[in-house]
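Trainee: could you work out the structure for the sequence below:
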Amino acid sequence: MPDTPVFSFVATSRNDDHGGDVLRRTQSFIRRLAEQALRHQVACELVLVDWNPPGGRAPLADVLAWPAGNEWFSARVITVPAALHRELAFSKRLAMFQMIAKNVGIRRARGAYMIATNIDIIFSDELFQWLKSGEMREGVLYRSDRWDIPNEIQLEPDLDTLLARAHGEHIRRNLSSGTHIRRDGEFINTYGNRFDHSVYYPMEGILMRLKAAVAKAPDLGRDDLVQSLDTIIKQDLPQLRRDFFIPILHTNGCGDFTMMSRRDWFALRGYPEWQVFSWNIDSVIVYQAHYNDIAVEELDGSRVHYHIEHDNGSGWTPEGAESLWSRLAERGLPLIDYRQFYEIIYALQDNAEEKRISIYNDPDWGFAARDIECRVLAEPGSPPRPPVAVNEGRLDEDFLKGLVAASPGLRFDAGERAADGVAAEWRSGEDGAGEIAIESLPATWSYAYYYDLPTLEAHSGEYWVRIGLIVDRGNVVVGILNRDQTDFLSQVTCKGAGPRLQQVFAHIREIGAASRVVLRNVTADNEPARFRLRSIELLREDYGAEDAAMDRRRGDDDWLTAASFALRQQDDAAEPAKAKAVGLPESAAPAEPAEPVVVGFAQIRPETPEAIVRVLRSPREPTSGASEAGQAMIILPAAAPGTARAVLDLGAAGPLMGTVVVDLHVLEGELAIGLRAGGSGELLALRRERAGGPLTRIELDLGTNLNGATGAGVLVIANASRSGPAKLLLHRVLCRCDDGGLRPLPFAA
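Mentor: Prediction:
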């Protein structure tokens with residue numbers, strides 16, 4: 001038996017009611033892990049992260065029973081307090097940041113190998129036999145297939161009986177090829193084939209849009225049609241080809257078993273600590289490992305782990321996915337959707353081709369510098385311990401109850417029928433309340449009823465629309481239209497539920513971008529929907545002073561003006577004469593420098609004494625030279641908004657045209673990023689980004705501002721936080737030129 005565990009199993013939970021039976025599932029996980037470690041004599045530790053413990057409830061460790069510790073099994077509980085949780089964006093809406101919590105455990109785990117997993121997993125004998133074999137090695141990320149089992153199987157008291165039932169009665173197999181569901185005694189892949197998803201269906205959609213455009217405008221000119229086809233040939237087809245050749249890595253259910261050596265976890269700095277719902281982040285690290293020269297290997301198909309089935313809407317299941325998405329949408333919780341996921345993969349590919357490492361976290365990942373409580377619950381020689389506390393009643397942490405009416409609001413009687421033929425009637429409700437009874441048109445997706453949102457000239461930011469309705473027949477979607485009424489900003493589905501009153505929340509991320517609340521029919525088979533509206537309100541969050549200080553949101557125009565002004569300041573005390581923008585003939589092209597000078601991250605300089613700029617290189621293949629630097633970490637101190645800055649002179653790259661593209665990740669605070677003209681100091685473009693999102697691509701559109709100028713300008717990155725520092729990782733600076741292509745610096749315009 002080694003002095004330290006060989007394997008650390010890292011999971012996270014909290015003493016709330018998520019999943020409906022979280023304590024029972026967590027208890028099964030702990031008990032079976034301890035049994036397997038002892039049965040196979042594999043040196044394991046459990047690191048369970050208690051994230052953001054709910055106020056008024058006992059600690060997670062106290063409501064669980066703990067098995068005896070021995071030389072093969074030990075357990076610790078690490079508690080991340082609510083105060084640290086509140087430092088993160090969206091902390092009022094999301095009680096658990098799963099991947100950040102796992103990073104806290106990984107950072108403090110002692111094993112030579114670490115397995116990121118979840119509290120509803122039971123491991124097979126075959127998997128533990130492989131762990132005992134010692135065949136694993138550094139430089140590899142290991143994945144295991146997940147088989148889903150009915151919830152009641154976890155109640156089997158005997159481990160052998162449980163494993164036999166799990167093997168024989170599992171309902172799904174989550175494999176790299178897709179999710180296979182048991183039907184008529186066989187497992188059918190519900191994903192379909194790769195060609196259809198990567199090529200056929202997207203191409204079908206492209207051609208259908210072209211067909212619709214031609215049908216809408218029969219007099220479409222030959223040149224317009226040729227241009228549309230040219231776009232398909234030059235842009236869409238290469239993109240489809242790129243998508244098709246993205247390697248298939250085993251990301252299906254990867255949050256339940258991702259194993260790497262301690263060295264590899266630390267080389268990648270754990271999971272990306274994006275302050276969003278955890279969807280797809282566990283998949284990102286699989287591709288991040290692959291493109292950072294860590295091989296991804298699938299274990300033999302017999303070495304599986306079993307997942308205890310979720311209740312619908314409490315976690316992802318194929319059947320409960322719609323409920324989960326609706327819950328996230330109504331709370332305005334961001335996540336990495338598949339489009340963003342592909343953008344992240346593209347960036348990983350590009351970095352790998354340029355021999356750049358892709359790391360998303362700063363050196364303090366996993367709250368490494370914070371003093372976080374750690375309790376030992378099982379160690380060699382410790383006796384079994386029963387629970388020492390119990391929960392009384394359900395916990396209610398729904399932030400939506402903290403919303404208050406906005407002024408001006410929405411008038412219930414201000415709605416309108418959306419089309420001729422829609423029936424709308426005011427009448428008294430069955431319980432005496434007034435209501436509007438509506439029958440939609442039969443066409444699926446047809447608009448039925450709408451409310452125009454009030455113009456809030458003095459207000460900005462996030463709002464919610466709360467609608468009370470009864471769906472008597474069919475299904476209805478509540479959607480928020482954008483200002484141009486060309487697309488929906490958010491949508492929430494309401495299914496027919498008979499006489500039950502439903503409270504629906506539709507989130508508006510920026511009220512200035514929204515125009516109308518639309519209810520439309522989404523009943524299948526072109527059947528009409530019947531529903532009754534009882535109420536409609538425009539709401540906002542009721543922030544206290546402490547919450548407002550903690551929540552990182554966009555500020556008012558006063559500090560934006562201050563940040564913009566600061567970006568306009570010149571490096572020199574004397575303001576140079578403004579350079580005139582000179583238009584170029586169409587046939588002329590700015591010449592490249594005869595000997596291009598590398599404009600790399602090593603040339604970034606802080607303009608504030610306390611600012612820190614660190615160039616990060618690959619931990620596997622250290623390199624030298626600015627052009628080979630993987631990333632730049634920039635830390636800007638707290639200061640008046642816009643006054644703490646770092647700059648990168650782009651002048652050596654030659655005159656710019658089109659758009660400057662910057663790939664970055666804001667780790668903390670909020671920043672303003674802009675371009676100053678090299679000669680005049682004129683602010684040409686400005687964007688703001690706050691912490692919380694994934695890898696962000698910022699495009700600073702120059703138009704013709706710099707055509708013919710003698711200098712390409714200066715990229716300025718400023719701390720735009722109202723208080724506190726700003727941290728970011730700068731990945732790449734590119735130019736999107738007139739032909740649509742992206743070129744790294746140095747580039748020809």
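
Trainee: please count neighbours and contacts with C-alpha atoms only from this point.
Mentor: OK.

Trainee: tell me where the stretch 251-400 of the chain has helices.
Mentor: In chain order, the stretch 251-400 of the chain shows helices spanning 262-268, 281-291, 321-330, 338-353, with DSSP state H, counting those that start in this stretch as the criterion.

Trainee: number of nearby residues for residue 453?
Mentor: With neighbours defined by other CA atoms under 10 Å, the count for residue 453 comes to 20.

Trainee: mind listing what's buried along stretch 259-266?
Mentor: Using 16 or more other CA atoms under 10 Å as the burial criterion, the residues of stretch 259-266 that qualify are 259, 260, 261, 262, 264, 265, 266.

Trainee: any chance of the residues you listed in JSON lines, plus distance to residue 62?
Mentor: Output for those, formatted as JSON lines (distance: CA to CA, whole Å):
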{"residue": "259", "distance to residue 62": "28"}
{"residue": "260", "distance to residue 62": "30"}
{"residue": "261", "distance to residue 62": "31"}
{"residue": "262", "distance to residue 62": "29"}
{"residue": "264", "distance to residue 62": "33"}
{"residue": "265", "distance to residue 62": "30"}
{"residue": "266", "distance to residue 62": "31"}
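
Trainee: gap between residue 111 and residue 377?
Mentor: 17 Å (CA to CA, to the nearest Å).

Trainee: typed the wrong thing, it's residue 407
Mentor: The span separating residue 407 from residue 377 equals 52 Å under the rule CA to CA.

Trainee: neighbour-wise, which of the two wins?
Mentor: Per other CA under 10 Å, whichever of residue 407 and residue 377 has more neighbours is residue 377, with 21 against 12.

Trainee: thought that one was touching residue 70?
Mentor: No. At 11.6 Å, residue 377 does not count as touching residue 70 under the criterion of CA atoms under 8 Å.

Trainee: closest one to residue 29 out of the buried residues of stretch 259-266, please.
Mentor: Closest approach between those and residue 29, by CA to CA: residue 259, at 17.4 Å.

Trainee: and the residue lying closest to the closest one once chain neighbours are set aside, how many neighbours?
Mentor: In space, residue 259 comes closest to residue 115 once its chain neighbours are excluded; the distance is 4.3 Å by CA to CA, 6 or more residues apart in numbering. By the measure other CA under 10 Å, the count of residues near residue 115 is 24.

Trainee: check which helix or strand residue 115 maps to.
Mentor: strand 113-116 (DSSP states H and E).

Trainee: packing partners for that strand?
Mentor: Where contact means 3 or more CA pairs under 8 Å, 6 or more residues apart in numbering; DSSP states H and E, strand 113-116 is packed against strand 7-13, helix 98-108, strand 258-261, helix 262-268.

Trainee: in its sheet, what does the helix or strand just after it sit against?
Mentor: Along the chain past strand 113-116, the next helix or strand (assigned with DSSP H and E) turns out to be strand 121-123. When pairing is defined by DSSP bridges, strand 121-123 lines up against strand 305-308 (antiparallel).

Trainee: now the strand it pairs with, how far from the centre of its chain.
Mentor: Averaging C-alpha positions (CA atoms, centre = their mean, to the nearest Å) puts strand 305-308 25 Å from its chain's average.

Trainee: show me the contacts for residue 410.
Mentor: Remark: with contacts taken as CA atoms under 8 Å, 6 or more residues apart in numbering, residue 410 is in contact with 451, 453, 454, 536, 537, 538.

Trainee: now for those residues, which pair is the farthest apart?
Mentor: Pairwise distances among those were taken by CA to CA; the largest, 12.9 Å, belongs to 454 and 536.

Trainee: ok, those two, which is more surrounded?
Mentor: Set side by side, residue 454 and residue 536 show unequal neighbour counts under other CA under 10 Å, the larger going to residue 536 at 22 against 17.

Trainee: hmm, who's touching the longest helix along the chain?
Mentor: Ranked by number of residues, the top helix in the chain under DSSP state H is helix 22-40. Judged by CA under 8 Å, 6+ apart, the contacts made with helix 22-40 from elsewhere in the structure are 13, 15-16, 43-44, 63-67, 72-73, 119-123, 125, 128-129, 132, 154-155, 159, 308.

Trainee: quick one: buried ones out of those residues?
Mentor: Neighbour-count burial (16+ other CA under 10 Å) applied to the contacts of helix 22-40 gives 13, 15-16, 43-44, 63-67, 72-73, 119-123, 125, 128-129, 132, 154, 159, 308.

Trainee: restricted to strands, list these.
Mentor: With strands defined by DSSP state E, the entries of the buried ones among the contacts of helix 22-40 inside them are 13, 44, 73, 121, 122, 123, 308.

Trainee: tabulate the residues you listed (CSV), appending distance to residue 206 and pLDDT.
Mentor: Output for those, formatted as CSV (distance: CA to CA, whole Å; pLDDT from 0 to 100):
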residue, distance to residue 206, pLDDT
13, 43, 95
44, 52, 97
73, 56, 97
121, 42, 97
122, 44, 97
123, 44, 98
308, 40, 95
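
Trainee: look at the residue lying closest to residue 469 once chain neighbours are set aside and give its secondary structure.
Mentor: Closest residue in space to residue 469, ignoring its immediate chain neighbours: residue 533 at 4.4 Å, by CA to CA, 6+ apart. Reducing the assignment to helix, strand or coil with DSSP: H, G, I helix; E, B strand; the rest coil, the entry for residue 533 is strand.

Trainee: what residue spans form the domains of this structure?
Mentor: Here the domain assignment for the chain is 7-176+251-359+372-378, 194-244, 401-541, 552-579+595-744, based on automatic domain parsing.

Trainee: circling back: what's the burial count for the residue nearest to residue 469?
Mentor: 21.

Trainee: and if you look at residue 158?
Mentor: Burial of residue 158 is recorded as 10 neighbouring residues (other CA under 10 Å).

Trainee: what's the separation between it and residue 72?
Mentor: 20 Å.

Trainee: how much space between the residue nearest to residue 298 when sequence neighbours are not counted and residue 250?
Mentor: Nearest non-adjacent residue to residue 298, counting by CA to CA, 6+ apart: residue 143, 4.8 Å away. The gap separating residue 143 from residue 250 is 7 Å, by CA to CA.

Trainee: more neighbours: these two, which one.
Mentor: The neighbour comparison of residue 143 against residue 250 (other CA under 10 Å) goes to residue 143, with 29 against 22.

Trainee: so residue 424 sits against residue 438, correct?
Mentor: Yes. Using CA under 8 Å, residue 424 makes contact with residue 438 at a distance of 4.5 Å.

Trainee: joint contacts of those two?
Mentor: Looking at what touches both residue 424 and residue 438 (by CA under 8 Å, 6+ apart), there is no common residue.

Trainee: give me the common contacts of residue 143 and residue 250.
Mentor: Common neighbours of residue 143 and residue 250, counting by CA under 8 Å, 6+ apart, are residue 298.

Trainee: over to residue 537. Which of the three states is it?
Mentor: strand.

Trainee: can you pull up the bridge partners for it?
Mentor: residue 466.

Trainee: distance check, it against residue 156.
Mentor: The span separating residue 537 from residue 156 equals 49 Å under the rule CA to CA.

Trainee: the more surrounded of these two?
Mentor: Between residue 537 and residue 156, counted using other CA under 10 Å, residue 537 has the larger neighbour count: 18 against 13.

Trainee: for that one, give me its contacts.
Mentor: For residue 537, the set of contacting residues under the criterion of CA under 8 Å, 6+ apart consists of 405, 409, 410, 411, 412, 465, 466, 467.

Trainee: I figured the first one was touching residue 536, is that so?
Mentor: I take that to be residue 405. No. The pair residue 405 and residue 536 fails to qualify as a contact (CA under 8 Å) at a distance of 10.6 Å.
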